[in-house]
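>>> turn this into a structure:
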Amino acid sequence: MSFNYCDNNTAYISCLIEFTIRNSKSNFRKIFTSSLSCKDFQFSISEDIVDIDELPCQLVCNVGDLLPEPTEGSVGVCTGSLCDFGGSIGIKITVSNVNEFPGNPTESEFDSHAPPMVPANIFIVGKTVQSHRASSVTSSLEPRGWRSFDIRTGSYDWESRARKSFTIRCFLKDHPRWQRFNIPDINDLVQIQERLIGRLKHKDTRFQYLCCRIEDFSVFGSQPKSERPSMSGTAHDNISQTKKGLAAGTT
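Below you'll find the model as predicted:
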């Protein structure tokens, strides 16, 4: 069964974040600047390949009956759609829901009722694409003990009034749970739940993709073999066509 992938992709994020600085675009649209933590305490990955520094982000809040205006300087759990613009803009989140923690984040007692910052939870649907691995900063294609593939996904950007597509590099830990699962084929439609762990180090800014650690994924469907591009000469060589990464639960 073939699929039309043009509209079957989307990206959502759930994260703990500080609404640092507010800029009012209008009475109903508030823009906050902040950053996202990428320190993954569960699994470490080579910093020669992935930059784990905090990622700059913008939080777009269309304030109304369903979304009250967040308090400047507050910390809360934020959910919304995700777009990656790279560069100085970084990640843009169109916020759909916010749950603020009471108290002042600068006071010591705040830590008693608010959790520590953890990598954001990402939920995406997209298609696997050819991985660009040449001319990277390091000679290694991927960190030791990890496998990876690229997903093309996207979301609607309210400011540009257009759909923004972007690529995420997804890393699969060489863990007993995943040993019998193979990387999806190019053009497979995939649903993934993962943790944001940084940005790919690359000499070319076009390929400085967001990087995520997979916690769960499933393959919805594939294009017919006759329509699939050749994977010769890539890291996907010799991948079995008969197995797909279907999983349940978390790592």
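
>>> would you map the strands across the stretch 1-150 of the chain?
For the stretch 1-150 of the chain, applying DSSP state E, counting those that start in this stretch gives strands covering 10-18, 21-24, 29-36, 50-51, 55-62, 75-84, 91-100, 121-129, 146-157.

>>> helices or strands up against the helix or strand encompassing residue 214?
Taking DSSP states H and E as the criterion, the element that holds residue 214 is strand 210-221. When contacts are defined as 3 or more CB pairs under 8 Å, 6 or more residues apart in numbering; DSSP states H and E, strand 210-221 sits against strand 162-173, strand 189-200. Where you see a C-beta, it was placed from the backbone N, CA and C, and this is true even at glycine.

>>> with just CA atoms, put it into PDB.
Output in PDB follows, covering the C-alpha atoms of strand 210-221 (Å, rounded to 0.1, in the frame of the first residue of the first chain):
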ATOM      1  CA  LEU A 210      18.300  18.600  15.800                       C
ATOM      2  CA  CYS A 211      19.400  15.300  17.500                       C
ATOM      3  CA  CYS A 212      17.100  13.100  19.500                       C
ATOM      4  CA  ARG A 213      17.300   9.800  21.400                       C
ATOM      5  CA  ILE A 214      14.600   7.400  20.500                       C
ATOM      6  CA  GLU A 215      12.400   6.100  23.300                       C
ATOM      7  CA  ASP A 216       9.700   4.400  21.100                       C
ATOM      8  CA  PHE A 217       9.000   4.200  17.400                       C
ATOM      9  CA  SER A 218       6.700   2.400  14.900                       C
ATOM     10  CA  VAL A 219       6.500   2.200  11.100                       C
ATOM     11  CA  PHE A 220       3.100   3.100   9.700                       C
ATOM     12  CA  GLY A 221       3.800   2.100   6.100                       C
END
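
>>> still on that earlier bit, quick one: closest of the strands of the stretch 1-150 of the chain to residue 193.
Judged by CB to CB, the one of the strands of the stretch 1-150 of the chain that comes nearest to residue 193 is strand 121-129, at 5.5 Å.
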